[in-house]
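Q: Sequence and computational prediction follow.
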Amino acid sequence: MTNPIITLTTDYSTNDHLVGVLKGAILKINPDAQIIDITHQVAPFDLLDGALAIASAYPYFPARTIHVVVVDPGVGTERRPLLVSGQNQYFLAPDNGVLSGVYEREHPVIVRNITSEHYFAQPVSKTFHGRDVFAPVAAWLSKSWQPGSMGEEITDFKRFTMPKPKEADGLLKGVVLKVDAFGNLITNFRAEDLSPESLEKGELSLQVGSHAITKLVPTFAYGSAGEPVSYIGSSGYLEVAVNKGSASKALGLGRGTAVLLVKK
Amino acid sequence: MTNPIITLTTDYSTNDHLVGVLKGAILKINPDAQIIDITHQVAPFDLLDGALAIASAYPYFPARTIHVVVVDPGVGTERRPLLVSGQNQYFLAPDNGVLSGVYEREHPVIVRNITSEHYFAQPVSKTFHGRDVFAPVAAWLSKSWQPGSMGEEITDFKRFTMPKPKEADGLLKGVVLKVDAFGNLITNFRAEDLSPESLEKGELSLQVGSHAITKLVPTFAYGSAGEPVSYIGSSGYLEVAVNKGSASKALGLGRGTAVLLVKK
Amino acid sequence: MTNPIITLTTDYSTNDHLVGVLKGAILKINPDAQIIDITHQVAPFDLLDGALAIASAYPYFPARTIHVVVVDPGVGTERRPLLVSGQNQYFLAPDNGVLSGVYEREHPVIVRNITSEHYFAQPVSKTFHGRDVFAPVAAWLSKSWQPGSMGEEITDFKRFTMPKPKEADGLLKGVVLKVDAFGNLITNFRAEDLSPESLEKGELSLQVGSHAITKLVPTFAYGSAGEPVSYIGSSGYLEVAVNKGSASKALGLGRGTAVLLVKK
């Protein structure tokens, strides 16, 4: 019998004991759970950053994985805790849109408002529902596999639109979604935003901040030293990199920078 | 059969291979151990910070969990290695007071000086007892569950008093114990230091550094943007936060800052 | 039956979802794998730093451990993916020398060029072979234990010489290999570079940058406050430390600093 897998995606950082407490809270209920960190470095309270992290990672996990996603600026207020059943995986998160990227990819989803308080750690604190609500419910779910016992289905859950490029003046206007650990700028353009000619010739006309980029290469290793190049990254987004360097530092650009693509 | 759980709390950081080595040293003896990181970001050599981390986390773990706590400025000197049996969990640490918070909560404790050197990795280095003493003894304990075989009981182990607020001039004088990942200031006041009236009305008179705070809210999400508020946090301590911001940055304050509470 | 152990050593950092994706990619193929992080903080694209990390950690792991090492500046180019069988452990890495420290210690090794593409995640991306090549092959190996099925043996794999001290003008010239989390300077001198007299008397004549160090102590805890001392560290290298402080900060020195040892 394979042990159930529970993943964690939070903005807690690993600087203190909070992530350890989440894991203890899970193991106290199901000591056989295999707990996997996706990341704890979501930008604090940043729902879009959290939504990108879980949406980028969950498709690589096996069926029946339970994902706990806690980016929760409204903890202790009226916002609801959710249990979402996708095609073959589960998601626990506050109802604040942090699962928007999951809703985009998973069809159908069943979204439940978790109301079965007897599964919570009592007394439930006002500030740490990761420990008192999400971790315990994930652990009980990993034993029972009965999502229906956690609460009633709802349809008015919150979701926001993941930022998409917009067409204007013959240009596509996009944005740098995030900077990765190597300093690569990850934009919200995808291969389908590029012309077949562009993809074939390895050329494009991209403006990132005040920098013009014209090379579309298979991978960052094809760039000359110090030269910014673009390529379709491993998550399907167009990225800007500098070979063996940090594009973010070299160009002085970060998350939120406007990116313009000339349609050819 | 559930796998035994061994947790790690250290000041090693995760910047190099040291934590990996600890895990290898455990798995080489007991490959079935489930190893859980509590945190490796204890401030270097900081016994109080380590004591707070393990004391805050261990109560959430299941019975028979073995906690390895290595904050060890005196490694390689005469300080003794300890194995502590609490009510239903175990703790391995150097005898330097890093388990003081555990001693406060667990009654009774049996504290043993680990002397059974045949369980150590030989030769024992002078600088890495995490690898050569604590990890191997934890792993053997997770197989034998015989703490008595590790050494004789002692009573003269080191402990320090966790910092408590002190009364003076009609005020309670406390301190910021630490700053969490969100920039919240965690003080050493607890709910019992506040008057029932204060708790009921949601008011208090708190001075943190040169800032006066008067609002006592259920959770940080109740604060206006930029407004510092206080609330009883998830570990039972009074915390100061700024909604969706960092109180530490906004107020320019950190660990060790004096906090004054007017008793009402 | 003990679960197979797969370790990860990368330069991905834990700031985003990439490490989570690696783990998902392994668990999707072998949900029973026990995944252990060695470190994800290898300096980006730094083959020597990666080589030091894995060479320092792997000897502490049990037989049959599978080590995935991804520091891969040439991902997506012609560089080959390797599966290395050591005496009793396995290593997966790009053929760029990042296993040089392993090749130094393991005799004999069998080095294979991984060519069995049916084990890869298809389509293989140009930029994330950790996810599409190394993680899947590690997971399949942990089920089949058939390294021979992954590709043919090769002998022209890349390796570089780990930096060794050089004798010149009656001095041994070495270098600071890295700075650890405590700020200790780890040099490439070993106990055998010191005279027996030096080791016995606890004296040496070492110059690190412009600082002269004369004390050779059993462990950093023997230094006076603020005093830089040297000792043989837990990995066998001569280290320079300041008791309860950071030698790197106190001396203003870092990786790559020249170190001179007067032979006595």
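A: Cool, the structure landed.
Q: Residue A:175 contacts residue A:188, doesn't it?
A: Yes. With contact defined as C-beta atoms under 8 Å, residue A:175 and residue A:188 form a contacting pair (5.6 Å). C-beta: built from backbone N, CA, C; applies to glycine.
Q: between those two, which one's more packed in?
A: Neighbours of residue A:175 and residue A:188, each counted by other C-beta atoms under 10 Å in any protein chain shown, are more numerous for residue A:188; the result is 20 against 17.
Q: how near is that one to residue A:217?
A: 20 Å (C-beta to C-beta, to the nearest Å).
Q: same question, residue A:81
A: On the measure of C-beta to C-beta, residue A:81 and residue A:217 end up 45 Å apart.
Q: where along chain A do the strands fall?
A: With DSSP state E as the criterion, chain A has strands at A:5-10, A:34-39, A:66-70, A:81-85, A:90-94, A:110-113, A:166-168, A:171-179, A:185-190, A:203-208, A:211-215, A:228-232, A:237-242, A:258-262.
Q: Residue A:232: what's it in contact with?
A: Shown in contact with residue A:232 (C-beta atoms under 8 Å, 6 or more residues apart in numbering or on different chains): A:190, A:191, A:238, A:239, C:126.
Q: what about residue A:247, how many residues close to it?
A: Residue A:247: 28 surrounding residues under other C-beta under 10 Å.
Q: center of chain A - which residue?
A: For chain A, the residue nearest the mean C-alpha position is residue A:53 (2.1 Å; C-alpha atoms, centre = their mean).
Q: do you know how far that one is from residue A:47?
A: For residue A:53, the distance to residue A:47 - C-beta to C-beta - is 11 Å.
Q: I figured the residue nearest to the centre of chain A hits residue C:16, correct?
A: Yes. Counting by C-beta under 8 Å, residue A:53 touches residue C:16, with 6.5 Å between them.
Q: quick one on the thing from earlier: mean pLDDT and distance to residue B:248 added to the strands of chain A, as JSON lines?
A: Putting the strands of chain A into JSON lines (pLDDT from 0 to 100; distance: least, C-beta to C-beta, whole Å) gives the following:
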{"stretch": "strand A:5-10", "mean pLDDT": "98", "distance to residue B:248": "19"}
{"stretch": "strand A:34-39", "mean pLDDT": "98", "distance to residue B:248": "22"}
{"stretch": "strand A:66-70", "mean pLDDT": "98", "distance to residue B:248": "21"}
{"stretch": "strand A:81-85", "mean pLDDT": "98", "distance to residue B:248": "28"}
{"stretch": "strand A:90-94", "mean pLDDT": "98", "distance to residue B:248": "24"}
{"stretch": "strand A:110-113", "mean pLDDT": "98", "distance to residue B:248": "35"}
{"stretch": "strand A:166-168", "mean pLDDT": "91", "distance to residue B:248": "38"}
{"stretch": "strand A:171-179", "mean pLDDT": "95", "distance to residue B:248": "24"}
{"stretch": "strand A:185-190", "mean pLDDT": "96", "distance to residue B:248": "29"}
{"stretch": "strand A:203-208", "mean pLDDT": "94", "distance to residue B:248": "33"}
{"stretch": "strand A:211-215", "mean pLDDT": "94", "distance to residue B:248": "35"}
{"stretch": "strand A:228-232", "mean pLDDT": "94", "distance to residue B:248": "36"}
{"stretch": "strand A:237-242", "mean pLDDT": "94", "distance to residue B:248": "33"}
{"stretch": "strand A:258-262", "mean pLDDT": "95", "distance to residue B:248": "32"}
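Q: Now distance to residue C:262 too, for those strands, in CSV please.
A: Output for the strands of chain A, formatted as CSV (distance: least, C-beta to C-beta, whole Å):
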stretch, distance to residue C:262
strand A:5-10, 52
strand A:34-39, 48
strand A:66-70, 57
strand A:81-85, 66
strand A:90-94, 62
strand A:110-113, 72
strand A:166-168, 68
strand A:171-179, 47
strand A:185-190, 50
strand A:203-208, 53
strand A:211-215, 52
strand A:228-232, 48
strand A:237-242, 43
strand A:258-262, 57
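Q: Select, out of those, the one closest to residue B:76.
A: The closest of the strands of chain A to residue B:76 is strand A:34-39. By C-beta to C-beta, the value is 32.4 Å.
Q: quick one: the closest one to strand A:5-10, angle?
A: Orientation of strand A:34-39 against strand A:5-10 (axes from the mean of the first three to the mean of the last three C-alpha atoms, to 10 degrees) gives an angle of 30 degrees.
Q: Please name every helix or strand in contact with strand A:34-39.
A: When contacts are defined as 3 or more C-beta pairs under 8 Å, 6 or more residues apart in numbering or on different chains; DSSP states H and E, strand A:34-39 packs onto strand A:5-10, helix A:18-29, helix A:47-57, helix C:18-29.
Q: Need the residues that contact it.
A: Contact with strand A:34-39 is made by A:3-10, A:19, A:23, A:26-27, A:53-54, A:57, A:67, B:34, B:36, C:14-17, C:19-20, C:23-24, C:27, C:31, C:34-35, as judged by C-beta under 8 Å, 6+ apart.
Q: okay, the angle between that strand and strand A:66-70?
A: 40 degrees.
Q: could I have strand A:34-39 exported to CSV, CA atoms only?
A: Coordinates of each C-alpha in strand A:34-39 appear next as CSV, following Å, rounded to 0.1, in the frame of the first residue of the first chain:
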residue,chain,number,x,y,z
GLN,A,34,4.1,11.5,2.8
ILE,A,35,4.5,15.3,3.0
ILE,A,36,6.1,17.1,0.1
ASP,A,37,7.0,20.8,0.1
ILE,A,38,6.2,22.6,-3.2
THR,A,39,7.3,25.9,-1.9
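Q: Show me which parts of it are buried, residue by residue.
A: Across strand A:34-39, burial judged by 16 or more other C-beta atoms under 10 Å in any protein chain shown covers A:34, A:35, A:36, A:37, A:38, A:39.
Q: so where's chain A shaky on pLDDT?
A: A:264 (pLDDT under 70).
Q: check contacts around the residue located most distally from the centre of chain A.
A: Ranked by distance from the centre of chain A (C-alpha atoms, centre = their mean), the top residue is residue A:201, with 31.9 Å. Shown in contact with residue A:201 (C-beta under 8 Å, 6+ apart): residue A:216.
Q: Near chain B, which residues of chain A? Just list them.
A: Proximity of chain A to chain B (C-beta under 8 Å from any C-beta of the partner chain) is limited to residues A:11-21, A:23-25, A:27-28, A:31-32, A:34-35, A:44-45, A:73-77, A:125-128, A:131-132.
Q: Which members of those residues are classed as buried?
A: A:11-21, A:23-25, A:27-28, A:31-32, A:34-35, A:44-45, A:73-76, A:125-128, A:131-132.
Q: returning to that earlier point: settle it for me: which of residue A:81 and residue A:217 has more neighbours?
A: In this view residue A:81 and residue A:217 are compared by other C-beta under 10 Å, and residue A:81 has more residues nearby, 22 against 18.
Q: Can you pull the phi and psi angles for the closest residue to the more buried one other than its chain neighbours?
A: Nearest residue to residue A:81, sequence neighbours excluded (C-beta to C-beta, 6 or more residues apart in numbering or on different chains): residue A:114, at 4.3 Å. With angles defined as degrees, to the nearest 10, residue A:114 sits at phi -70, psi 120.
Q: Correct me if wrong: residue A:114 contacts residue A:151.
A: Yes. With contact defined as C-beta under 8 Å, residue A:114 counts as touching residue A:151 (4.6 Å).
Q: residue contacts, the residue nearest to residue A:81?
A: A:80, A:81, A:82, A:83, A:92, A:133, A:137, A:150, A:151.
Q: let's see it at 7 Å
A: A:81, A:82, A:83, A:133, A:137, A:150, A:151 (C-beta atoms under 7 Å, 6 or more residues apart in numbering or on different chains).
Q: I'd like to know how many residues surround the third one.
A: Same thing as residue A:83. Considering only other C-beta under 10 Å, residue A:83 is surrounded by 25 other residues.
Q: One more: the fourth one?
A: When neighbours are counted by other C-beta under 10 Å, residue A:133 registers 24.
Q: wouldn't it be in contact with residue A:81 here?
A: Yes. With contact defined as C-beta atoms under 7 Å, residue A:133 counts as touching residue A:81 (5.1 Å).
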